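[1] Structure for the following, please:
(one chain, ligands or ions: 1)
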Amino acid sequence: MDDFEYVRPGSVGEAVALLAEKPGRARAMAGGTDLLVQLKVGRRTLDRVVDVKGIAELNEIHVGSDGGITIGAAVPCHRVYDHPAIVAGFPGIVDSASIVGGIAIQGRATLGGNLCNGAPSGDSIPSLAVVGAVAVIAGPSGRREFPVSEFCTGPGQTVLGADELLVAIRLPAPPPRSFGHYLRFIPRNEMDIAVAGAGAWVALDEAGVVTAARVVLASVAPTPIEVPDAATAIIGTRGEATALEAASEAAKAAARPITDMRGTQAQRRHLSGVLTKRALAGAIARARGEHVPGAHEAHRVHASATH
Ligand SMILES: Cc1cc2nc3c(=O)[nH]c(=O)nc-3n(C[C@H](O)[C@H](O)[C@H](O)COP(=O)(O)OP(=O)(O)OC[C@H]3O[C@@H](n4cnc5c(N)ncnc54)[C@H](O)[C@@H]3O)c2cc1C
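    Here you go, the predicted structure:
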């Protein structure tokens, strides 16, 4: 690994100035679980690493009076899936945060880092995108907000400028009877990246009819992709098998996967359909008040069985 300068600013303004001083040669670091690996294997070289974990604002989880939640960009996954308001209102995000790496990784890794890394396989991105999450970004000329659903522009590429910092991810207040669910396929239980993933979110009316829906797929295109046709297929239904099947077909049609060592195009396309159907069914069940276990519950069983 080449030498680099390590700095730990105490404020957003200081961090932005440190990035702006070395355009393209300095990067923010939150947990470092992507960045340090990339530096170690030479996929990136940098003059300066700006550790943002010391900035108080980036470590906060703030619950608004309307039920919206702002998650600081340096909050580690374990604080996300242990936070009562996130567990109650955003179980799809809990699904994602609790499957990033394993328990040790979750002590450092952040949703902010997962998003800014811009990997098509980033497990938190579909769950954030389907609930309409917004990235709060700071740069030399102030702050701006940008939808998470359009944040990634290519593998490892995002809308962030070289002198910009992700400050937080803002989750809008969830409408009544609305929930998400995220599922992925990996060849083993944990510590692998998704062969394919699907995040779904629905809102129901009082009669249990789907009034709004979103589906975003991971690992089957150069960026996470939204599938509006899958949402259209489920809206106006109660999640009957035919509607779920139509949504599944829409996801398969939208997927643009590659073949690599983790899976073939055909397998990923098939998985896009299966995972979409299951994620939508899970989201609908949650919105009806049914209990749909997430990976975090499996993790806790595992943790208590091994300690
Ligand atoms: C063993 C292992 C298992 C893993 N398993 C998974 C998995 O199952 N699913 C998955 O999705 N990922 C997985 N990962 C990848 C990684 O852990 C996640 O992407 C994690 O969420 C990254 O968060 P971080 O805080 O560590 O990011 P960092 O490594 O700190 O940063 C990642 C990128 O984001 C940028 N960045 C970070 N914070 C900011 C900010 N505030 N503003 C601007 N840019 C910023 C950095 O410059 C860097 O380019 C795994 C990694 C390891 C080592």
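[2] I'd like to know which residues of the stretch 1-150 of the chain are adjacent to the ligand.
    27-35, 37, 52, 73, 99-101, 105, 108-110, 112-114, 116-117, 121-123 (C-beta under 6 Å from any ligand atom). (Each C-beta comes from the backbone N, C-alpha and C, glycine too.)
[3] are any of those buried, and which?
    27-35, 52, 73, 99-101, 105, 108-110, 112-114, 116-117, 121-123 (16 or more other C-beta atoms under 10 Å).
[4] Among those, which are located in strands?
    Judged by DSSP state E, those include 27, 28, 29 as members of strands.
[5] Okay, strands next: where are they in the stretch 201-307 of the chain?
    210-218, 225-226 (DSSP state E, counting those that start in this stretch).
[6] What are the phi and psi values at residue 147?
    Backbone torsions for residue 147, taken as degrees, to the nearest 10, come to phi -70, psi 140.
[7] list the contacts for whichever residue of the stretch 1-150 of the chain sits closest to the ligand?
    The nearest approach of the stretch 1-150 of the chain to the ligand comes at residue 113, 2.0 Å away (C-beta to the nearest ligand atom). Listed by C-beta atoms under 8 Å, 6 or more residues apart in numbering, the contact set of residue 113 reads 30, 31, 32, 33, 34, 35, 73.
[8] swap the cut-off to 10 Å and go again
    Residues in contact with residue 113 (C-beta atoms under 10 Å, 6 or more residues apart in numbering) are 28-35, 52, 73-74, 76-77, 100, 122, 124, 166.
[9] about what we covered before: just give me the closest of the ones in strands among the buried ones among the residues of the stretch 1-150 of the chain next to the ligand to residue 203.
    Checking those against residue 203 with C-beta to C-beta, the nearest one is residue 28 at 34.2 Å.
[10] For beta bridges, what are the partners of that closest one?
    Here residue 28 sits in beta bridges with residue 50, going by DSSP bridges.
[11] hang on, isn't it packed against residue 112?
    Yes - if you go by C-beta atoms under 10 Å, residue 28 and residue 112 touch, sitting 8.7 Å apart.
[12] Tell me the one among the ones in strands among the buried ones among the residues of the stretch 1-150 of the chain next to the ligand nearest to residue 209.
    residue 28 (43.6 Å).
[13] residue contacts, that closest one?
    Counted by C-beta under 10 Å, 6+ apart, residue 28 has contacts 9, 15-16, 18-19, 35, 49-52, 55, 58, 73-74, 112-113, 116, 160, 164-166.
[14] go on, residue 268?
    185, 194-196, 217, 219-221, 252, 255-260, 262.
[15] Would you quantify the distance from the spatially most central residue of the chain to residue 109?
    The centroid of the chain falls nearest to residue 124 when counting by C-alpha atoms, centre = their mean (1.6 Å). Distance, residue 124 to residue 109, by C-beta to C-beta, to the nearest Å: 9 Å.
[16] Now do the shared contacts for these two.
    Counting by C-beta under 10 Å, 6+ apart, the residues touching both residue 124 and residue 109 are 77, 97, 100.
[17] Out of those, which comes closest to residue 284?
    residue 97 (21.7 Å).
[18] and that closest one, how many neighbours does it have?
    By other C-beta atoms under 10 Å, 32 other residues sit near residue 97.
[19] do the same with residue 142
    Neighbours around residue 142, by other C-beta under 10 Å: 8.
[20] Residue numbering should commence at 43 henceforth.
    Taking 43 as the first residue, the last one we looked at is residue 184.
[21] Run through the residues that contact it.
    Applying C-beta under 10 Å, 6+ apart to residue 184 gives the contacts residue 58.
[22] beta partners of it?
    Going by DSSP bridges, residue 184 forms beta bridges with residue 181.
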